[in-house]
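Visitor: Predicted structure and sequence below. I'll ask about it afterward.
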Amino acid sequence: MTVSLDGVSKSFGKSLVLDDITDVFADGEMTALLGPSGSGKSTLLRIIAGLTPLDSGRVRLGERDVTSSPARERHIGFCFQDYAPFRHLSVFANVAYGLKVQRVPRAERKARVEELLGLVRLEDFADRYPHQLSGGQRQRMALARALAIKPDVLLLDEPFAALDAQVRGELRSWVRSLQRELGITTILVTHDQIEAMEIADRLVILNEGRIEQTGKPSFVYDHPSTDFVAGFLGPITTLWGISYRPHELELSLDGDEGEKATVTDVVRLGFEVRVVLTNQTGESSWVQLTHDQAKALNPSIGQRYVVRPRSARGLIEQDPTKRARS
Amino acid sequence: MKKQSLLLRVLVLAYVAALLGIPLLFVFQQAFSHGWSELWAALHDHAMDLAILLTAKVVVVAVPLNILFGIGASLWIVRRPSRLSHVLDVLIDVPLAISPIVVGLVLELAYAQNGWFGPTLAKLGWRVMFSLPGIVIASIFVSLPLVSRQVIPLLREIGDHQEQTAATLGASPIRIFFTITLRSIAWAAAYGVTLTLARVIGEYGAVLIVSGNIALLTQTLTLNIGANFENFNSYQGFVGALLLAFVSVAVLLVIAVARHRLERKRHDSFA
Amino acid sequence: MLESLPTWSSLPVNLLANHSVATAEGPSLRWRSPRAVRTVEKSSAAAAKGLVLFYISLIVLIPLAALLTNAFNHGVGSFWNAATSTESLDALRLTVTCSLLAAAFNALAGTATAFVLVRDRFWGKSALNAIIDLPFALPTVVAGVTFYTLYGPHSPFHVNITGSWIGITVAIMFVTLPFSVRAVQPVLESLSGDAEAAASTLGASSFYVFRTITLPAILPALLTGTGLAFARALGEYGSVVFISNNLPYRSEVGSSYIYSLVSSGQVSSAASVALILLTGALLVLVASNVIARRLARRRG
């Protein structure tokens, strides 16, 4: 089911948290709402869920205008950052909660919960209580609980933020494949650009309550429309006043097309090597080399190189209207 | 949704106003009902003034003793736990479950002439029952846990890392207590002390038994109010009640500030 | 075991002291031997502990022991006769009934009050929050005479509830009002609201959310608070004595009956009834704590 937002605005007191947000989330698509903290992304998610009232604008689920419907009538699945487990209920009862609200008959309920627990691989934990689960298990329980009511849309608020790095990676790809399998429209809030690019079909990048840019992750990464997006999605460096990704710059020992500069620092991070260089006027850039490139060049402090971009085009399209807005 | 919460608010306000607000205002209304000059005269009632003096004496002895006990016991229970301190931890709350009348009774059984210590005390020439010491002991009994109940949870919550840091910097235990521990528990202690003060001033049942309720001699202010009321001199009783109502409003203010400070402190250091 | 180890507070001081001996030319004036420091600290701590125990023994433990022996000093038979006399049983029954009513009503009203204090926003809310503690601050006797004047034979509202269970229950409601509010309030504050929001996204109505999510979360605290209120109510005297009229067999509560026994010199009988009342209050406290803890343990 599609989710459409039309001119959604929201203020808390005097501060404008969301400013005229208009966007459409396509059916079956996984979208990441990406932005720094305070960008309004969680508020937007809560507005879609009906947990926070909006000041103006409309929210539509498919053809249905739900702007003034309370959360309980929207039929969406929502996973909270802290998973919001019902602490006094067993894992089974947590997952069964929504079905009980719908008065699904006991036998059917049991079958459905067992099916879901199998789906999230918690069959053996049905009788446990939330505090007896690990963070990852709790997250899967919350997901099963949200999916139990067969929601039209799945909303995930920072679903992996509270997990340690290894579990996070595993769960991320698992959630991705589960979402593809179910084909459910999913909107995920995150401040982690790597997570967003790994998991999402489409990015919506928010900053200070406005949409900066939307699009496929690889496209947005390569063609950011503003400095903010460029800097938020990945490292940037400047040469001749133009922004580039550090891996888009190359070093050579000689040549005319390029800037002559001296190495001031070399940082080796396993497969990646970062070389910092300063030109005669004191401007510095940094270049990202692969392990093999670095091996061939063998840069060291004090060495002189010529720095030049691999392609003439800078990172950001020089669109004056978009630049002005950021 | 909005309507529901408005209804709940109105119900709660009505409930609190009926049970707490109206009685409090009524005390003021009654005390001022005869005009200023009569109020002025009633304030100079000899028996009442003596009762106020006695209550003040009890406060001056009982409250500091319970502060010392409360802080000492809290430190022992939290910072030097042992089997004995666990027993103390349980015992210290027992007075809360005992009727004031029973408190008076047990003190009589222990300290009256024909009680356990009666003969010994008589030999020494000490009088506990029907005199100041008995009233002080009864007041201490009923307010015993009020300081430690506030201090113990806070001590547990803040942990002992600050104290350990001070110790590594060479501070002596006494210096650590005054510069670190006491400062961090100050508002909790103030809260507990205020409750203690209110309870000591307000105690009725226990003091009724141990004091003998002798006008001009062993009558505290609360006993004086009760006596005036029973002697059909309710106006004089309400004048006494007015004074206590002022005290309790002051107590409420201090409690509100202390609670606010404690919450802020908790928020600052644990959020 | 703990005593034999160097304490945290003494150890680093001693290390520094030793260090200064090693570097300076001989002991400085301020130096005290570590052993001496430790001995002084240990003995003063022991003295403080001794004082604490002495104080609580003198004031609480020994008098309570005196109650126990006095209740039984004419044998178990006379204890039983005193405790189960018709007047005693009537008084205890009335006390328990009124206390239960007041505690139960305050559990309900207290939860509602805590809800309004935590979830609602309006002008004057902090004044409401402050006045909740009035029963802790206002002497019970003041409450007692005030209720008597307000709802007694000369009531300005022409409502006379003296000498009946209603008056006693109202007085007890006054003194126990803060207990459940103050027990529930911090738990409600600590709830993030996410679990309740999660339940509403699953289709639950606000009443269903309260019943299945919020209430179970506050239940342990509510039980503890109500238990405390009930135990306090069982022994209440000052606020009740005026409005109850103390009519034996009709409107005399347990504490009033004990007082009348003490006044007439029947100390052993008073001790017997007091022991029953005290045991009842302690059992209520222990039971409510155990149940609350068991409920809370399940959710870790």
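Guide: That came through fine.
Visitor: Nearest spatial neighbour of residue 92, chain-adjacent residues omitted?
Guide: Went with chain A since none was named. Nearest-residue entry for A:Phe92: A:Ala126, 4.2 Å, with adjacent residues in sequence omitted and distances by CB to CB, 6 or more residues apart in numbering or on different chains. Where you see a C-beta, it was placed from the backbone N, CA and C, and this is true even at glycine.
Visitor: not what I meant, chain B
Guide: B:Pro145 (5.1 Å).
Visitor: residue ranges with poor pLDDT in chain C?
Guide: C:1-32, C:299-300 (pLDDT under 70).
Visitor: what about the longest helix in it?
Guide: When chain C is parsed with DSSP state H, its longest helix is helix C:86-119.
Visitor: Now do that one: which elements does it pack against?
Guide: Secondary-structure packing of helix C:86-119 (3 or more CB pairs under 8 Å, 6 or more residues apart in numbering or on different chains; DSSP states H and E): helix B:2-16, helix C:125-131, helix C:165-190, helix C:215-234, helix C:254-263, helix C:267-298.
Visitor: Could you rerun that using 10 Å?
Guide: Where contact means 3 or more CB pairs under 10 Å, 6 or more residues apart in numbering or on different chains; DSSP states H and E, helix C:86-119 is packed against helix B:2-16, helix C:75-83, helix C:125-131, helix C:165-190, helix C:215-234, helix C:254-263, helix C:267-298.
Visitor: Next, the angle from that helix to helix C:254-263.
Guide: Going by axes from the mean of the first three to the mean of the last three CA atoms, to 10 degrees, helix C:86-119 is angled at 140 degrees with respect to helix C:254-263.
Visitor: Helices of the stretch 101-250 of chain A, start to end?
Guide: A:106-119, A:135-147, A:165-182, A:193-199, A:217-222, A:227-233 (DSSP state H, counting those that start in this stretch).
Visitor: can you list those helices in TSV and add mean neighbour count, mean pLDDT and distance to A:Asp6?
Guide: Below are the helices of the stretch 101-250 of chain A laid out as TSV (neighbours: other CB atoms under 10 Å in any protein chain shown; pLDDT from 0 to 100; distance: least, CB to CB, whole Å):
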stretch	mean neighbour count	mean pLDDT	distance to A:Asp6
helix A:106-119	15	94	34
helix A:135-147	23	92	25
helix A:165-182	15	89	25
helix A:193-199	19	91	24
helix A:217-222	17	91	23
helix A:227-233	20	89	23
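Visitor: Can you check which of those helices gets nearest to chain B?
Guide: Among the helices of the stretch 101-250 of chain A, the nearest to chain B by CB to the nearest CB is helix A:135-147 (21.0 Å).
Visitor: and the closest one, how far out from the chain's middle?
Guide: How far helix A:135-147 lies from its chain's middle: 19 Å, per CA atoms, centre = their mean, to the nearest Å.
Visitor: same thing with stretch B:110-126?
Guide: On the basis of CA atoms, centre = their mean, stretch B:110-126 sits 27 Å off its chain's mean C-alpha point.
Visitor: Please save the CA atoms from it in PDB.
Guide: Taking Å, rounded to 0.1, in the frame of the first residue of the first chain, the C-alpha atoms of stretch B:110-126 are listed here in PDB:
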ATOM      1  CA  ALA B 110       8.400  -0.100  79.500                       C
ATOM      2  CA  TYR B 111       8.900   3.200  81.300                       C
ATOM      3  CA  ALA B 112       5.900   3.700  83.700                       C
ATOM      4  CA  GLN B 113       6.300   3.200  87.400                       C
ATOM      5  CA  ASN B 114       5.100  -0.400  87.300                       C
ATOM      6  CA  GLY B 115       6.700  -1.000  83.900                       C
ATOM      7  CA  TRP B 116      10.000  -2.800  83.100                       C
ATOM      8  CA  PHE B 117      12.300   0.100  84.000                       C
ATOM      9  CA  GLY B 118       9.900   1.800  86.500                       C
ATOM     10  CA  PRO B 119      11.700   0.700  89.700                       C
ATOM     11  CA  THR B 120      15.200   1.500  88.300                       C
ATOM     12  CA  LEU B 121      14.200   4.900  87.000                       C
ATOM     13  CA  ALA B 122      12.400   5.600  90.400                       C
ATOM     14  CA  LYS B 123      15.700   4.800  92.200                       C
ATOM     15  CA  LEU B 124      17.600   7.100  90.000                       C
ATOM     16  CA  GLY B 125      15.000   9.800  90.600                       C
ATOM     17  CA  TRP B 126      14.200  10.100  86.800                       C
END
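Visitor: Just give the number of residues close to C:Arg297.
Guide: 11 (other CB atoms under 10 Å in any protein chain shown).
Visitor: surely it meets C:Pro220?
Guide: Yes - judged on CB atoms under 10 Å, C:Arg297 makes contact with C:Pro220 at a distance of 9.2 Å.
Visitor: Give me the spatial nearest neighbour of the residue in the stretch 101-250 of chain B that chain C sits nearest to, chain neighbours excluded.
Guide: Nearest to chain C in the stretch 101-250 of chain B, going by CB to the nearest CB, is B:Gly202, at a distance of 3.1 Å. Nearest residue to B:Gly202 in three dimensions, chain neighbours excluded: C:Pro139, at 3.1 Å (CB to CB, 6+ apart).
Visitor: check contacts around that neighbour.
Guide: By CB atoms under 10 Å, 6 or more residues apart in numbering or on different chains, C:Pro139 lies in contact with B:198-199, B:201-204, B:220-222, B:225-226, B:240-241, B:244-245, B:247-248, C:145, C:238-239.
Visitor: Chain neighbours aside, what residue packs nearest to whatever residue of the stretch 151-300 of chain C ends up closest to chain B?
Guide: Per CB to the nearest CB, C:Gly235 is where the stretch 151-300 of chain C lies closest to chain B, at 2.5 Å. What sits nearest to C:Gly235 in space, not counting adjacent residues and going by CB to CB, 6+ apart, is B:Ser99, at 2.5 Å.
Visitor: so where's chain A shaky on pLDDT?
Guide: Checking chain A against pLDDT under 70 turns up A:317-326.
Visitor: most centrally placed residue in it?
Guide: Centroid-nearest residue in chain A: A:Ala196, 3.0 Å away (criterion: CA atoms, centre = their mean).
Visitor: still on that earlier bit, can you convert the helices and strands packed on helix C:86-119 into JSON lines and add a column each for distance to B:Val61?
Guide: Shown next, in JSON lines, are these (distance: least, CB to CB, whole Å):
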{"stretch": "helix B:2-16", "distance to B:Val61": "35"}
{"stretch": "helix C:75-83", "distance to B:Val61": "35"}
{"stretch": "helix C:125-131", "distance to B:Val61": "29"}
{"stretch": "helix C:165-190", "distance to B:Val61": "26"}
{"stretch": "helix C:215-234", "distance to B:Val61": "26"}
{"stretch": "helix C:254-263", "distance to B:Val61": "25"}
{"stretch": "helix C:267-298", "distance to B:Val61": "26"}
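Visitor: Point out the one among the ones you listed that comes closest to chain A.
Guide: Among these, helix C:215-234 comes nearest to chain A, with 4.2 Å by CB to the nearest CB.
Visitor: Now do the contacts for the residue of the stretch 101-250 of chain B closest to chain C.
Guide: By CB under 10 Å, 6+ apart, the neighbours of B:Gly202 are B:55, B:139, B:142-143, B:220-222, B:244, B:247-248, B:251, C:136-143, C:238.
Visitor: Distance check, it against chain A.
Guide: Applying CB to the nearest CB, to the nearest Å, the value for B:Gly202 to chain A is 39 Å.
Visitor: domains of the chain?
Guide: Assuming you mean chain A. As assigned by automatic domain parsing, chain A contains the domains A:3-228, A:236-309.
Visitor: meant chain C, my bad for not saying
Guide: According to automatic domain parsing, the ranges for chain C are C:11-71, C:75-298.
Visitor: Indicate which one of those domains is closest to A:Val153.
Guide: Nearest to A:Val153 among those is domain C:75-298 (10.5 Å), distances taken as CB to CB.
Visitor: so how far does stretch A:276-296 reach from one end to the other?
Guide: 17 Å (CA to CA, to the nearest Å).
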